[in-house]
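> My questions concern the predicted model and sequence given below.
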Amino acid sequence: MIKTAWLTIGTEHFTEVVEFYHLVLQQDPKPFSPDRYAEFHLPGLRLGIFSPQADHQQEFAHSDQSGFSLCLEVENLEMAIARFQRGNLKLHSGEIQTASHGREIYVYDPAGNRLILHESFGS
């Protein structure tokens, strides 16, 4: 039986990815082991970032983007975009996309993983 679950990202770009999520989520990782593991706590989700051990690094070495997407629902999309811009974090495109469920924009972390900043209609 499953007791709990959380999302993890294995990356050779550990420091850059941890700093990216530190800025995006506006929190310090806890627990945190420099160059090894960082964990962020969000409502209903734990996000773990780890540096793969030497004998597993090839699994995580990729030059194209992964299929991973983390959707972060925000109250105000424009304010979230402004926060990214203030932190010098790059948006995939400057265009807000409109979907049937709301508005969104895409951001990629330093390891090529996609974040979706999403604002539901009526938020």
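Looks like it arrived, so ask away. Residues are numbered from 1 along each chain as shown.

> where along the chain do the helices fall?
Under the criterion DSSP state H, the chain contains helices at 14-25, 57-60, 77-86.

> give the contact list for Leu25.
Leu25 makes contacts with Phe40, Leu42, Leu47, as judged by Cβ atoms under 8 Å, 6 or more residues apart in numbering. Backbone N, C-alpha and C define where each C-beta goes, glycine included.

> Now with 10 Å, please.
Phe40, His41, Leu42, Leu47, Leu72 (Cβ atoms under 10 Å, 6 or more residues apart in numbering).

> what are the ranges of the strands in this structure?
7-10, 32-33, 37-42, 45-50, 69-73, 97-99, 102-108, 114-120 (DSSP state E).

> hmm, who's touching the shortest one?
Surrounding strand 32-33, the residues in contact under the criterion Cβ under 10 Å, 6+ apart are Val18, His22, Ala38, Glu39, Phe40, Ile49, Phe50, Ser51.

> about what we covered before: quick check: which of the helices of the chain is nearest to Gly112?
Among the helices of the chain, the nearest to Gly112 by Cβ to Cβ is helix 14-25 (9.9 Å).

> could you give the angle of that closest one to strand 102-108?
On the basis of axes from the mean of the first three to the mean of the last three Cα atoms, to 10 degrees, helix 14-25 is oriented at 160 degrees to strand 102-108.

> what residue ranges in the chain score low on pLDDT?
Counting by pLDDT under 70, the ranges of the chain that qualify are 1-3, 55-67, 92-94, 123.

> Could you pull up the contacting residues of the nearest residue to Pro29 once chain neighbours are set aside?
Counting by Cβ to Cβ, 6 or more residues apart in numbering, Pro29 lies nearest to Ala38, which is 3.6 Å off, once chain neighbours are set aside. For Ala38, the contact set (Cβ under 10 Å, 6+ apart) comprises 9, 14-15, 17-19, 21-22, 28-32, 47-51.

> One more pass at 8 Å, please.
Contact partners of Ala38, counting by Cβ under 8 Å, 6+ apart, are Phe14, Val18, Tyr21, Pro29, Pro31, Phe32, Gly48, Ile49, Phe50.
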